[in-house]
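Colleague: kindly generate the corresponding structure for this input.
(chains A and B)
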2 protein chains.
Amino acid sequence: MIRIAIAQLNPTIGDLKGNAQQILEAAQRASQEGARLLLTPELSLCGYPPRDLLLNPSFVEEMSKTLLNLATQLPSELAVLVGTVDLNVRSLQTGGKPLFNSVALLEQGQIQQIFHKRLLPTYDVFDEDRYFEPGDEANHFVLNLSSESTQSIHIGVTICEDLWNDEEFWGKRTYHLNPIADLAQKGVDFTINLSASPYTVGKQKLRESMLKHGAIRFRQPMIYVNQVGGNDDLIFDGSSVVVDRQGNLVCRACGFEADFVTVDYDFEKRDFLLSSIVPEPECDEAEIWSALVLGVRDYARKCGFSKVVLGLSGGIDSALVAAIAASALGAENVLGILMPSPYSSDHSVGDALSLAENLGIQTQKLPIGQLMNAYDQTLEELFAGTSFGVAEENIQSRIRGTLLMAVANKFAYLLISTGNKSEMAVGYCTLYGDMNGGLAAIADVPKTRVYSICEWLNRRDTSELIPANILTKAPSAELKPGQVDQDSLPPYEVLDDILDRFIHQHQSAAEIIAAGHDSTVVDRVVKLVTIAEFKRRQAPPGIKITDRAFGTGWRMPIASKRQSY
Amino acid sequence: MIRIAIAQLNPTIGDLKGNAQQILEAAQRASQEGARLLLTPELSLCGYPPRDLLLNPSFVEEMSKTLLNLATQLPSELAVLVGTVDLNVRSLQTGGKPLFNSVALLEQGQIQQIFHKRLLPTYDVFDEDRYFEPGDEANHFVLNLSSESTQSIHIGVTICEDLWNDEEFWGKRTYHLNPIADLAQKGVDFTINLSASPYTVGKQKLRESMLKHGAIRFRQPMIYVNQVGGNDDLIFDGSSVVVDRQGNLVCRACGFEADFVTVDYDFEKRDFLLSSIVPEPECDEAEIWSALVLGVRDYARKCGFSKVVLGLSGGIDSALVAAIAASALGAENVLGILMPSPYSSDHSVGDALSLAENLGIQTQKLPIGQLMNAYDQTLEELFAGTSFGVAEENIQSRIRGTLLMAVANKFAYLLISTGNKSEMAVGYCTLYGDMNGGLAAIADVPKTRVYSICEWLNRRDTSELIPANILTKAPSAELKPGQVDQDSLPPYEVLDDILDRFIHQHQSAAEIIAAGHDSTVVDRVVKLVTIAEFKRRQAPPGIKITDRAFGTGWRMPIASKRQSY
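Modeller: Numbers count the residues shown, from 1 in each chain, chains lettered A, B, ... in the order given. So this is what the prediction gives:
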């Protein structure tokens, strides 16, 4: 029997010293628990994604020193796999990128072996071809049970994307080669995959099916170790798993939090034994909720904020974000600002206050009527003869945005913006107004999903955490008397379906119309999405929960023109 | 003799119909002028960079149809090379990206041949591995003098980056292969390079040296065709050139504007004859000026704006931006807004008005004192007991940003922001305040360069276009009484040198200190740059003039931590 420990770590990007310390602590625990090998996620030393920090030679050098220093501190009798970058020393002579995305095998105070990632994702939020040269050989090593033992196991090593090119599972190839197949040919006892795989809704089910498929197809157990934590827009959901040779799940670590688990490999059975299995989230809403809470908590923590502020409009978006923030940082660290205008409905303040009471967060009220008048007066001469329109509506939103930033600046709060994905898509939001914030908590959550998460929250708590009126009233920006969202937009069920087809499924307008949507509505929505590009370019990072989020993985031109969509 | 025409086009991204029309018009002219072959830039059909438009199958399909349709409209007896994407039909079976970055040879109503780009830039602003599979063979074709003639030339075809891997010229390899060397081995008569090569200061000199080096090394003439125009943050500077077999420049097209030129290849001499040579810009300042003017003009035009608005503070940054805007769009289409506060110096309004008079632009004055009071009153209770600080300074900037957006929204102006690169680097700017705008005209121009461009402008015009006082007074944000930039920042000569080393040269703090800078200053600047990441993430596109601009080519984590730099 040999025990393998999995450290499902939450590194901070660039914090080499802090991340090394996390690895060291996990190694000490692994040693105490009798493990022979400790696994950590992809790039565990620098955190994933390090992005352009990798372009600084001093950062790469510091990483190398930190790795060597860590090697000397690790418990003897423990082998540790650490994610790090490695120099491509031949690149100046033969061409190619200067670095590899690598895993170092540390043992007995030294780097024993180093493995290079072979498949480099360069799509969506991934830019690995920007930094890395692909490894050109199958990665594997032999581990003895102990320094005296002759018993040993042969382990295949893959890094994240290396796992994701099984043409039988996907029905197509993405890359020219499949590292898992290569390792199976080498006759390894099992394969490990060290990952930093970002969360999207339902992705864990997909990962587990893929792992099971791979285990059965190649008749080998698989250990998948994932990073956990929020890094700007990306949430890493952990949920590391082990599947045995028959494709059965024998271990699952926590989702959305750091974890440490061990699994035992039985030499006789040539397989892993059943270990602990954390249950799956009860539904998509529960899963998304966990992702968003982690995203807000980690962004605040890793940026050095303990408190957040947000605008409470009495609407459902800010209600959900307030609930997320309270769960992430504690209700006592959340401040909601109510900023009613003369156009605000009576219920907007009342609903916001009920919500705040339910959540236990503090509020402040800053009415904006006086400021609206001051802007009107300042602009009176210039705007003479024009009628109330988008300019005036935006001023209200920008007054609120300015007040929120004033509070954030004055008291060192992180401002969280509250816009949802449907709004961000069609530009139903004000740049420098309600879009203001360091983080956009629900910018990748469509409006219909905002409702379903709030409904789930109320079911979960068996109390009305989100006041019923917020769930039932017609959504409104309240920027002019009697305004409701559906004056300008199709019903959200319709809008969200069109957006899903256009944005996620890459359907053309013609295809969306062919699917049964009204052509005028489709053309209008598609046009709105295109026009709003300039707003999204200036949006704060939004927590990504879908496979096509606005942000780092959405790279659209602004000054462009298309005849058809 | 055979005549070759070069269409240095300015496409609009995604405007397949409009771009095809431009190609057609160039073809008609080429035909009239007796050319046998017309060259257009890389991806001339969709414009470069098309970015994620390429992820929409309907867009790719539309491009293919447009190409076929264009082929049927071209003059007979003319061969035309058009930049387009091509489907990688084998990708589902063998893996690899679904598209090629290609050039189609159109003749006699059909696509005669298609060539694939071999070296795909994936660094800085380039993301070609995200979309494209590299071509795997040397691209060349044979062109007869006419359909009756037996005389023919053998032409090598390369696309942009294919040119940029001469290990003798660079002293190192970036890619594993060199397409130019491959073509020389094929014995082509000359090689063409169809490019969309973005402008950076001094890059044209580098390109011409590289082309001359290549011509001499491989004993073959080279034709380099570049796109022209501004596409969001990127400026394509045109300046297409032809070098003969000895490496002599025999043709240079205009910089920073669309152009059409022809060159004649002499069969006897086996070389190009001298054609027209547009002179180089007189100095870096003149070159940068042209780039910025083109950038503002094209961004406005391609986004559908004819007029721009900006804040005129009386400082040098807004003075330069106003001058750029007036040159780009005509003085009558530029509106400067003066927004003095009680902290504004007397000269701020006076200097701004002198500038506006020199430029011939309109101004409006919107004093912000009343709005400052209204914010103070609204926040009085909440801010009680705190002292004046960054929160209050930012409010002033955000009032101005809101007023500018109100004017922009009301009258359909494009707001241009005026911050320089030094400010953007250290965060000496207010998010949702002076950073507001659709385009940041000088966000990649360091403050010291802002001065030198203004000084050059005054020399060029032999009049004081930028009022002397703007050039000589101490820079100040004027957000509190008596404030000057150097209260918070080192002198700009020092700051810009540190920033250049840190940002462009990737030097560590230790290296910058070793170069003679004060360690306290360096540590502070480096820290400021890091902390300001959240502001830059939400900045408008800034016109790129250096090899390391903030924006699409600057991909830094926000929530991160480093022990040393």
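Colleague: measure how buried A:Asn144 is and give me the count.
Modeller: By other Cβ atoms under 10 Å in any protein chain shown, the residues close to A:Asn144 number 14. (Glycine included, C-beta is placed from N, CA and C.)
Colleague: now do the phi/psi pair for the closest residue to it other than its chain neighbours.
Modeller: In space, and not counting its chain neighbours, A:Asn144 is closest to A:Ser152: 4.6 Å by Cβ to Cβ, 6 or more residues apart in numbering or on different chains. Main-chain torsions, A:Ser152, degrees, to the nearest 10: phi -150, psi 160.
Colleague: chain B versus A:Ser152, what's the distance?
Modeller: Note on A:Ser152: its distance to chain B, by Cβ to the nearest Cβ, to the nearest Å, is 34 Å.
Colleague: how about the contacts made by that residue?
Modeller: A:Ser152 makes contact with A:Val142, A:Leu143, A:Asn144, A:Leu145, according to Cβ atoms under 8 Å, 6 or more residues apart in numbering or on different chains.
Colleague: highest neighbour count among those residues?
Modeller: A:Leu143 (20 neighbours).
Colleague: pretty sure that residue belongs to a strand, no?
Modeller: Yes: according to DSSP: H, G, I helix; E, B strand; the rest coil, the state of A:Leu143 is that of a strand.
Colleague: name the residues linked to it by a beta bridge.
Modeller: A:Ile153 (DSSP bridges).
Colleague: look up how far chain B lies from it.
Modeller: 31 Å.
Colleague: sorry, back to before: so can I have TSV of the contacts of A:Ser152 showing distance to A:Gly542 and pLDDT?
Modeller: Listed next are those as TSV, based on distance: Cβ to Cβ, whole Å; pLDDT from 0 to 100:
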residue	distance to A:Gly542	pLDDT
A:Val142	45	97
A:Leu143	42	96
A:Asn144	48	93
A:Leu145	48	87
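Colleague: nearest to chain B among those?
Modeller: When the contacts of A:Ser152 are compared for distance to chain B (Cβ to the nearest Cβ), A:Val142 wins out at 30.1 Å.
Colleague: stretch A:417-428 and chain B in contact?
Modeller: No: Stretch A:417-428 does not reach chain B (Cβ under 8 Å from any Cβ of the partner chain); its nearest approach is 10.5 Å.
Colleague: what's the end-to-end length of that stretch?
Modeller: Its first and final residues considered, stretch A:417-428 spans 14 Å by Cα to Cα, to the nearest Å.
Colleague: distance from the chain centre to that stretch, please.
Modeller: 18 Å (Cα atoms, centre = their mean, to the nearest Å).
Colleague: pull out the buried residues from it.
Modeller: A:Ser417, A:Thr418, A:Gly419, A:Asn420, A:Lys421, A:Ser422, A:Glu423, A:Met424, A:Ala425, A:Val426, A:Gly427, A:Tyr428 (16 or more other Cβ atoms under 10 Å in any protein chain shown).
Colleague: state the mean pLDDT of that stretch.
Modeller: Mean per-residue pLDDT for stretch A:417-428: 98.
Colleague: which strand or helix spans A:Val309?
Modeller: strand A:308-311 (DSSP states H and E).
Colleague: contacts for that strand, please.
Modeller: A:296, A:300, A:318, A:321-322, A:325, A:329, A:333-339, A:400, A:404, A:407-408, A:411, A:413-418, A:434, A:437.
Colleague: residues near A:Ser76, how many?
Modeller: Using other Cβ under 10 Å, A:Ser76 has 9 other residues around it.
Colleague: nearest spatial neighbour of it, skipping sequence neighbours?
Modeller: Excluding its sequence neighbours, the residue lying closest to A:Ser76 (Cβ to Cβ, 6+ apart) is A:Gln108, at 6.6 Å.
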